[in-house]
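# what follows is a predicted protein model with its sequence.
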Amino acid sequence: METTENPTNEVIKTSQSTYVTIDEKISRMKITFGNATLPGIFETMQSVGYTAEKIDSMKAKLTGLENLQVMRNKEYAEQLAESAKFDTKRTELDVQYSTHRKLAKILFKTDVQAQSALQLDSPKPAVYASWVQQVSGFYQQLNNTALFKQKVSAIGITADVISRQLLTVDELQALRDSQRKELSEAQTATDARDKAFDELYPLYMEYIQYAKVLLADNQALEAIGVTVKAK
């Protein structure tokens, strides 16, 4: 079953080209199974095998699906929160790095060795792995090369600033690891939810199909979530 990445507004496309959320599908099943034992419905549906035990089994599967949906939404909310933290931290670091890089380009405009060591002659990568390597390398070179460190202190990039930037790089990497962990957990929760949904939903649809035949034009259909057209 294909799903979107939105944790609370996932949708499934139906044959009528309308979109129904997973939560709405679960709500419909809850109404159907909850009223399946009502008089006038239960006796009729028993004729095609819907015993009390079978209905209870479907209810139990639905409860399991509801729990998995709650867990899935929780995991995705946590993943989104970690992603927001990561994005904020990366933006903060990149703003400072971009400024320091521009200042360093001016300071070392005639120093080929510094330009190469600090990668001032290379474009700033867009891909995270390459970008963070460049940022980390920039501050590591400033921190480990006494001459560079002395010169950049004159343009406001002091030893304390360098240390703070290196710490920020470490914090960003930790957030990256946490983000990946949360994403993995969210995907695992989604897979479990999808498996449970794909097992139960066909059973629900089959029940509805039988009910539409056996209870045709019967207002009792309304109780299990099927709209009956007024005559």
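Cool, got the structure.

# measure the spatially most central residue of the chain to Ala186 for me?
By CA atoms, centre = their mean, the chain has its centre lying nearest to Tyr76, at 4.3 Å. Per CB to CB, to the nearest Å, Tyr76 is found 5 Å from Ala186. No exception for glycine: its C-beta is placed from N, CA and C like everyone else's.

# could you look up the SS state of the residue nearest to the centre of the chain?
State at Tyr76, reduced to three classes by DSSP: H, G, I helix; E, B strand; the rest coil: helix.

# repeat for Ala126
coil.

# same question for Gln69.
From three-state DSSP, the assignment for Gln69 is helix.

# now swap in Ile157 and tell me
Assignment for Ile157 (three-state DSSP): coil.

# and it, what is it in contact with?
Going by CB atoms under 8 Å, 6 or more residues apart in numbering, Ile157 touches 100, 103-104, 142.

# turn those residues into a markdown table, including neighbour count, pLDDT and secondary structure.
Putting these into a markdown table (neighbours: other CB atoms under 10 Å; pLDDT from 0 to 100; DSSP: H, G, I helix; E, B strand; the rest coil) gives the following:
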| residue | neighbour count | pLDDT | secondary structure |
| --- | --- | --- | --- |
| His100 | 22 | 98 | helix |
| Leu103 | 15 | 98 | helix |
| Ala104 | 23 | 98 | helix |
| Leu142 | 25 | 98 | helix |
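
# out of those, who's nearest Ser27?
His100 (53.8 Å; CB to CB).

# how much space between that closest one and Glu171?
17 Å.

# next one: Phe148
23 Å.

# between the two, who's got more neighbours?
Phe148 (23 against 15; other CB atoms under 10 Å).

# is that one in a helix, a strand, or coil?
Per three-state DSSP, Phe148 ends up helix.

# so who does the closest residue to it other than its chain neighbours touch?
Nearest non-adjacent residue to Phe148, counting by CB to CB, 6 or more residues apart in numbering: Leu142, 5.1 Å away. Residues near Leu142 by CB under 8 Å, 6+ apart: 118, 148-149, 152, 157, 162.
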